[in-house]
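[1] any chance you could fold what I've pasted below:
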Amino acid sequence: MDKRGKFIVFEGGEGSGKDTHIDRLKKKYAGRGDIVFTREPGGTSQGEQIRSLFLAPRERKISVPRELVLFVAARAILLEEVILPALAAGKTVISNRFGLSTIAYQIYGRQCNEHLPMLQKLSAFAVGDAIPSDYILLDVTPEVGIARVRSRGDGMTSFDAESLAFHSRVREGYLKHISDYNGLVIDADRPLEEVWATVEAEVEKIIG
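    Modelled structure (predicted):
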């Protein structure tokens with residue numbers, strides 16, 4: 001019998017509410033020891049170091065090839081140290097972002113579609129059969145998402161500060177490829193509590 005746990009990934013552009021809804025799920029399932037929460041890039045010591053390279057404001061942009069390789073490297077480390085051991089133990093893993101984000105941001109956002117075949121091969125090599133069982137895309141229009149980010153008043157990351165056109169391309173990438181993963185799309189332009197009710201119900205369906 002296959003006892004591998006569920007692997008759930010939340011995706012979405014800036015201001016989609018991923019962090020907020022995952023924080024609520026952490027509180028909801030705080031008493032359960034069979035659920036592991038993580039994020040990408042991050043989730044490990046090396047992964048968090050890689051994450052800091054991307055999110056901190058910087059004067060010079062990191063090249064697309066370097067971004068792609070670093071993201072996949074962080075993913076491989078996260079899989080080896082956190083995700084695969086948890087799944088093997090029958091635990092559910094809930095991750096804030098995974099492979100689809102790299103397609104949306106680095107391929108579509110950066111307008112580097114010619115790199116997509118290379119990224120897909122590299123990702124397949126790094127991920128193997130550790131494919132998420134459930135992808136949930138919190139779909140937010142860029143105008144709404146960036147307005148939310150600005151209203152928080154806690155500063156802008158390097159990705160937050162990208163142009164509206166960049167964020168529109170990111171959304172295009174998400175919507176074009178979410179079907180590749182049989183993912184669920186949730187309208188995240190709606191009020192927070194409406195979105196949360198949908199998120200909560202869908203996660204309950206998956207993990208009970």
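[2] CA atoms for contacts and neighbours, from now on please.
    Fine.
[3] so who does the closest residue in space to Tyr29 that isn't next to it in sequence touch?
    Spatially, and ignoring its direct neighbours in sequence, Tyr29 is nearest to Ile35 (7.6 Å; CA to CA, 6 or more residues apart in numbering). Residues in contact with Ile35 (CA atoms under 8 Å, 6 or more residues apart in numbering) are 29, 91-94.
[4] let's go with 10 Å and repeat that
    By CA atoms under 10 Å, 6 or more residues apart in numbering, the contact list for Ile35 reads 5-7, 26, 29, 86-87, 90-94, 207.
[5] wouldn't Ser101 be in contact with Tyr174 here?
    Yes: the pair Ser101 and Tyr174 qualifies as a contact (CA atoms under 10 Å) at a distance of 7.5 Å.
[6] grab the most central residue of this protein for me.
    Nearest residue to the geometric centre of the chain (CA atoms, centre = their mean): Arg97, 1.3 Å.
[7] touching, that one and Glu40? I think so.
    Yes: judged on CA under 10 Å, Arg97 makes contact with Glu40 at a distance of 5.4 Å.
[8] who touches both of these two?
    When contacts are counted by CA under 10 Å, 6+ apart, Arg97 and Glu40 are jointly contacted by Val9.
[9] hang on, the earlier thing: so of the contacts of Ile35, which ones are in strands?
    If you go by DSSP state E, the contacts of Ile35 have 7, 92-94 in strands.
[10] what segments of the chain are strands?
    So, for the chain - with DSSP E - the strands run 7-12, 35-39, 92-96, 134-139, 184-187.
[11] ok, Ser101 and Tyr174, which is more surrounded?
    Tyr174 (25 against 22; other CA atoms under 10 Å).
[12] contacts only, for that one.
    Contacts for Tyr174 (CA under 10 Å, 6+ apart) come out as 11-13, 100-105, 108, 137-139, 168, 185.
[13] from those, which is closest to Glu67?
    Of all the contacts of Tyr174, Glu67 sits closest to Thr102, with 8.9 Å by CA to CA.
[14] residues touching the closest one, list them.
    67-68, 71-72, 108-109, 116, 119, 123, 170, 173-174.
[15] list the buried residues in the helix-or-strand element of the chain with minimal mean pLDDT.
    Least confident element among the helices and strands of the chain, by mean pLDDT, DSSP states H and E: helix 45-55 (a mean of 88). By neighbour count on 16 or more other CA atoms under 10 Å, the buried set for helix 45-55 is 47, 50-51, 54.
[16] farthest-separated two in those?
    The widest separation within the buried residues of helix 45-55 (CA to CA) is 11.1 Å, between Gly47 and Phe54.
[17] neighbours of Glu162, how many?
    By other CA under 10 Å, neighbour count at Glu162 equals 13.
[18] and it, how far is that from Phe37?
    For Glu162, the distance to Phe37 equals 28 Å [CA to CA, to the nearest Å].
[19] same thing with Thr141?
    For Thr141, the distance to Phe37 - CA to CA - is 26 Å.
[20] make a ChimeraX selection of whichever of the contacts of Ile35 turn out to be buried.
    A single ChimeraX command selects the buried members of the contacts of Ile35 (16+ other CA under 10 Å):
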select :5,6,7,26,86,87,90,91,92,93,94
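[21] now the contacts of Ile35 in TSV, with distance to Ser133 and pLDDT?
    TSV is the format used below for these (distance: CA to CA, whole Å; pLDDT from 0 to 100):
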residue	distance to Ser133	pLDDT
Gly5	9	91
Lys6	6	95
Phe7	5	97
Lys26	19	98
Tyr29	19	96
Ala86	14	97
Leu87	11	96
Gly90	13	95
Lys91	13	97
Thr92	10	97
Val93	10	98
Ile94	10	98
Ile207	11	92
